[in-house]
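Chemist: Okay, predicted coordinates and the sequence, questions at the end:
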Amino acid sequence: MSQYLRMLLNLYQKCGFSASASASPFPPLGSPKHEGSRSSVFNRSPAANRRSFSSSSREENTDTDNTQRTRTRRKELDFSKLSQLIPDESATGTQSLWYVVTTAALLAFHHEPGVGELWAYISRLAQTEEQQITIARRIRESCLKASVLVGFPRGINGLLSLHSSLSTNSTHLLPTLTADTSLRAPLSSEHKHARGKEFFAKIYTRHTDRVLASMGASSGGDLDYYAVASIYGELMAETSIVGGAETGVLEFVCCLADGVAPQAKGHFFGCKNLGASGAQIRGTVSLVREVAAQLGLDDPAGGEEFKFLEKAAEW
């Protein structure tokens, strides 16, 4: 053994480490209190370490899954309570507004699976097949009309959620519902443009020309044409399933739930212009707030920019 190595061993012994000939001249990784954790990981075989990592990953995934299930449970909706917030309606009335409002709110709050849950609730209560078909069509039409306001992908997801729930809970309705054909395709573009302009004017009344001019000026002349010809002419002005006043309320709900106060204000007055009653509008605001609360979201009608909602108390 070289003189240098002897000197190193002597120093090693003075520091309190073993002086056996087989001992390493370097201290182990980490302090003795970490021998069961850090050093043992380095000393294990690669296969053992992989098993340990895999086990740890499974535990983390399990924790994540449990957290997600907990969050899902918190988001279960009390549809019975929601169905009572708009006065003079029944939960399964074929002309009830509450499930139109609920559908629009769920989509605007990015909770599309709730549309299928809504149908599951209604399907347990509706007694006749005719009643079920009428309500299913109204929820389907609500998803379609809301899509241009909440985002087309969310409208698609809402429709798929409804169809999935129908397939699970009401298979006997599917032959009739899937045999339905487009209400809009057979109409001429001229007819749709005319009815779109008429419907738009009913919403904005004396402000119609000003609103259209502002839309055109801000978009190079396209937004006003698109609104009248497509959003209203093609979509909203078709009122055989979801009526004109109900469509106005739906538009208001989408804007309110999404927190866009200027558009919510326009449609707040617009749905009154289309014939919605003060009681229906007040009940609609309460319902949207309740959906938000049940989903654990902030009150969408809070803030000074929504003070206009107080006007409904006078209607």
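Modeler: Arrived safely, thanks for sending.
Chemist: mind listing what residue 285 touches?
Modeler: Counting by C-beta atoms under 8 Å, 6 or more residues apart in numbering, residue 285 touches 256, 301, 309, 312. C-beta coordinates here come from the backbone N, C-alpha and C atoms, glycine included.
Chemist: does it count as helix, strand or coil?
Modeler: At residue 285 the chain is in helix, as set by DSSP: H, G, I helix; E, B strand; the rest coil.
Chemist: so of the contacts of residue 285, which ones are in helices?
Modeler: Among the contacts of residue 285, the ones falling in helices (DSSP state H) are residue 256.
Chemist: ok, and the closest non-adjacent residue to residue 201?
Modeler: Using C-beta to C-beta, 6 or more residues apart in numbering and skipping the chain neighbours, the partner closest in space to residue 201 is residue 208 (4.6 Å).
Chemist: With residue 77 instead?
Modeler: Closest residue to residue 77 apart from its sequence neighbours, by C-beta to C-beta, 6+ apart: residue 294 at 5.3 Å.
Chemist: what's the answer for residue 236, then?
Modeler: residue 247 (5.3 Å).
Chemist: How many residues are close by that neighbour?
Modeler: Here the number of neighbours of residue 247 (other C-beta atoms under 10 Å) works out to 29.
Chemist: Contacts only, for it.
Modeler: Here residue 247 is in contact with 145, 236, 239, 274 (C-beta under 8 Å, 6+ apart).
Chemist: Quick one: these as CSV, columns for neighbour count too.
Modeler: Shown next, in CSV, are those (neighbours: other C-beta atoms under 10 Å):
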residue, neighbour count
145, 24
236, 24
239, 16
274, 21
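Chemist: which among those residues gets closest to residue 252?
Modeler: Nearest to residue 252 among the contacts of residue 247 is residue 274, at 9.9 Å by C-beta to C-beta.
Chemist: Going by secondary structure, residue 105 is in what exactly?
Modeler: Secondary structure from DSSP states H and E places residue 105 in helix 98-108.
Chemist: So residue 182 versus residue 196, what's the distance?
Modeler: 17 Å (C-beta to C-beta, to the nearest Å).
Chemist: neighbour-wise, which of these two wins?
Modeler: When residue 182 and residue 196 are compared for neighbours, residue 196 comes out ahead with 22 against 8, by other C-beta under 10 Å.
Chemist: so which strand or helix has the more buried one?
Modeler: Applying DSSP H and E as the criterion places residue 196 in helix 189-204.
Chemist: per-residue confidence averaged over that helix?
Modeler: What helix 189-204 shows for mean pLDDT is 96.
Chemist: List the buried residues for the helix or strand just after it?
Modeler: Following helix 189-204 in sequence order, the next helix or strand is helix 208-219 (DSSP H and E). Within helix 208-219, the residues scored as buried using 16 or more other C-beta atoms under 10 Å are 211, 212, 215.
Chemist: cool, stretch 296-305 as well?
Modeler: Of all the residues in stretch 296-305, those buried under the rule 16+ other C-beta under 10 Å are 300, 301.
Chemist: switch to numbering from 36
Modeler: Taking 36 as the first residue, the last one we looked at is stretch 331-340.
Chemist: Quick one: end-to-end distance for that stretch.
Modeler: Start and end residues of stretch 331-340 are separated by 22 Å (C-alpha to C-alpha, to the nearest Å).
Chemist: Please pull out the lowest mean pLDDT helix or strand from the chain.
Modeler: Least confident helix or strand, the chain: helix 75-78 with a mean of 41, by mean pLDDT, DSSP states H and E.
Chemist: Just say helix, strand or coil for residue 120.
Modeler: Assigned with three-state DSSP, residue 120 falls in the coil class.
Chemist: isn't the residue nearest to residue 236 right next to residue 235, touching?
Modeler: Yes - between residue 243 and residue 235 there is a contact under C-beta atoms under 8 Å: 6.4 Å.
Chemist: Helices of the stretch 136-285 of the chain, residue ranges please.
Modeler: Secondary structure of the stretch 136-285 of the chain (DSSP state H, counting those that start in this stretch): helices located at 148-160, 164-185, 187-204, 209-213, 224-239, 243-254, 258-261, 279-292.
Chemist: need the contact list for the closest residue in space to residue 341 that isn't next to it in sequence.
Modeler: What sits nearest to residue 341 in space, not counting adjacent residues and going by C-beta to C-beta, 6+ apart, is residue 296, at 5.8 Å. Taking C-beta under 8 Å, 6+ apart as the contact definition, residue 296 lies against 338, 340, 341.
Chemist: thinking again about what came up before, what's the local residue count around the residue nearest to residue 112?
Modeler: For residue 329, the count of nearby residues is 19 (other C-beta under 10 Å).
Chemist: hang on, the earlier thing: how many degrees apart are the helix holding residue 231 and helix 243-254 in direction?
Modeler: For helix 224-239 against helix 243-254, the angle by axes from the mean of the first three to the mean of the last three C-alpha atoms, to 10 degrees is 110 degrees.
Chemist: Of all the residues in helix 224-239, which ones are buried?
Modeler: 227, 228, 230, 231, 232, 234, 235, 236, 237, 238, 239.
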